[in-house]
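Asker: just the structure for this:
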Amino acid sequence: MPDGEKDPKISDKGAGSQPQPIQGWQYAGHPGSRKGAKLKKRTFLSSVANVFERFVKRQGVQPQNPCRHPNPIFPDEGPPSHVEGCNQDPLSPEGFCPHQKPNSDCTYYCEERRDYFYGKEQRWLPAQEIFPYPDAPPVTIGKGEMITLGVALDYRFQIGMGALGVGLGLTLSKSWTWTNTRAYTAPDWDVLYPYCAFFTFVPKMVRSCGTVSRWPKTTILQPMGASIEICDWSAKPESLKDACVEFPWRNAKDEVEGVLMVVKVECGNEQTLAPPCEQDKKYLLNGVMNEALNHWNMSNPETVRWLQHTGKLKI
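Answerer: Reported below is the predicted structural model:
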């Protein structure tokens, strides 16, 4: 978690030695909280204090370019955190991205805005269903296990990773890996009851949008009949507006960040999700749930009401 913030769902007591249970992401008093399960109450005051602390810490750093903030805010609820006014490489008066260091593509990217959001879940593989029975085998994710996250490019985005990385101010590759730095075990069975569950990872993502400008190439004849192609800077470039790229957020240590969570499902039908009130609120954000793998139980009145209230009910 960024800014020293700890995920309330994951205990780090004894981290690095024994697997740590993920529990307490629900509220004391829900159907699975009997049997004296130790749940961490999330009071209104503690939540406000936590948000205020993050805000103060973030405001302590004011980069010249708002799109290069080292501590961006990833909202737990609502739309992505939106940032305008990227000014690292401003557009020319003609509206194209000025050329900088020469590159083989003769192409340059000027970032104009960013969105910070939680991306689509990455189901932990091999998938293991977590059962709510006292004698159920424990499900653990071991220290050092990894998930690979890819980069999504606008299909019109014909630019090399190196040149794109220059425009973004970072080293860009086609994929990154999130490595689990400690072991975790699933919640106690009575916290899950009457639902089963599975582990999933929700990455922190960045969507960068801006202008791509490409200069044509010209052929220069060389001695002995040889020739080379170079960028023709005297020509007018072709520009593409609103070109976007999505990539995993990386912190100051160049580490991918995200949230490891448990998703509750109906036992015997792991494609059917438990009601929204049983899920981590980050899992309910737009674009997080993998709809190809899971769906809501439309016979549950509580689920239907939530879908109607959030405008997610597909008619």
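Asker: contacts, neighbours, all on C-alpha from now
Answerer: Noted.
Asker: which residues touch the nearest residue to residue 282 once chain neighbours are set aside?
Answerer: Once flanking residues are discounted, residue 282 sits nearest to residue 76: 5.6 Å by C-alpha to C-alpha, 6 or more residues apart in numbering. When contacts are counted by C-alpha atoms under 8 Å, 6 or more residues apart in numbering, residue 76 is found next to 281-282, 285.
Asker: helix, strand, or coil at residue 76?
Answerer: Under DSSP: H, G, I helix; E, B strand; the rest coil, residue 76 falls in the coil class.
Asker: just to revisit the earlier point, just the closest of the contacts of residue 76 to residue 216, please.
Answerer: Checking these against residue 216 by C-alpha to C-alpha gives residue 285 as the nearest, at 42.5 Å.
Asker: quick check: the closest residue to that closest one other than its chain neighbours vs residue 139, distance?
Answerer: Nearest residue to residue 285, sequence neighbours excluded (C-alpha to C-alpha, 6+ apart): residue 77, at 6.6 Å. Applying C-alpha to C-alpha, to the nearest Å, the value for residue 77 to residue 139 is 29 Å.
Asker: quick one: pLDDT of residue 53?
Answerer: Note for residue 53: predicted pLDDT of 52.
Asker: just the pLDDT at residue 29, thanks.
Answerer: 35.
Asker: for the protein, what are the low-confidence residue spans?
Answerer: In the prediction, the chain carries residues with pLDDT under 70 at positions 1-63, 126-127, 155, 314-315.
Asker: in it, which residue is most central in space?
Answerer: Nearest residue to the geometric centre of the chain (C-alpha atoms, centre = their mean): residue 204, 2.4 Å.
Asker: packing partners for the host helix or strand of it?
Answerer: Secondary structure from DSSP states H and E places residue 204 in strand 196-214. Using 3 or more C-alpha pairs under 8 Å, 6 or more residues apart in numbering; DSSP states H and E, the elements in contact with strand 196-214 are strand 107-118, strand 122-123, strand 238-248, strand 258-266.
Asker: can you redo the ones you listed as CSV with distance to residue 194?
Answerer: What follows is these, written out as CSV (distance: least, C-alpha to C-alpha, whole Å):
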stretch, distance to residue 194
strand 107-118, 28
strand 122-123, 22
strand 238-248, 35
strand 258-266, 8
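Asker: how about these, which one is nearest residue 171?
Answerer: Ranking the helices and strands packed on strand 196-214 by proximity to residue 171 (C-alpha to C-alpha) places strand 238-248 first, at 11.3 Å.
Asker: mind checking the SS state of the residue of the chain most remote from its centre?
Answerer: Distance from the C-alpha centroid of the chain peaks at residue 224, with 53.9 Å (C-alpha atoms, centre = their mean). Following three-state DSSP, we place residue 224 in the helix state.
Asker: ok, it to residue 159 distance?
Answerer: Per C-alpha to C-alpha, residue 224 is found 32 Å from residue 159.
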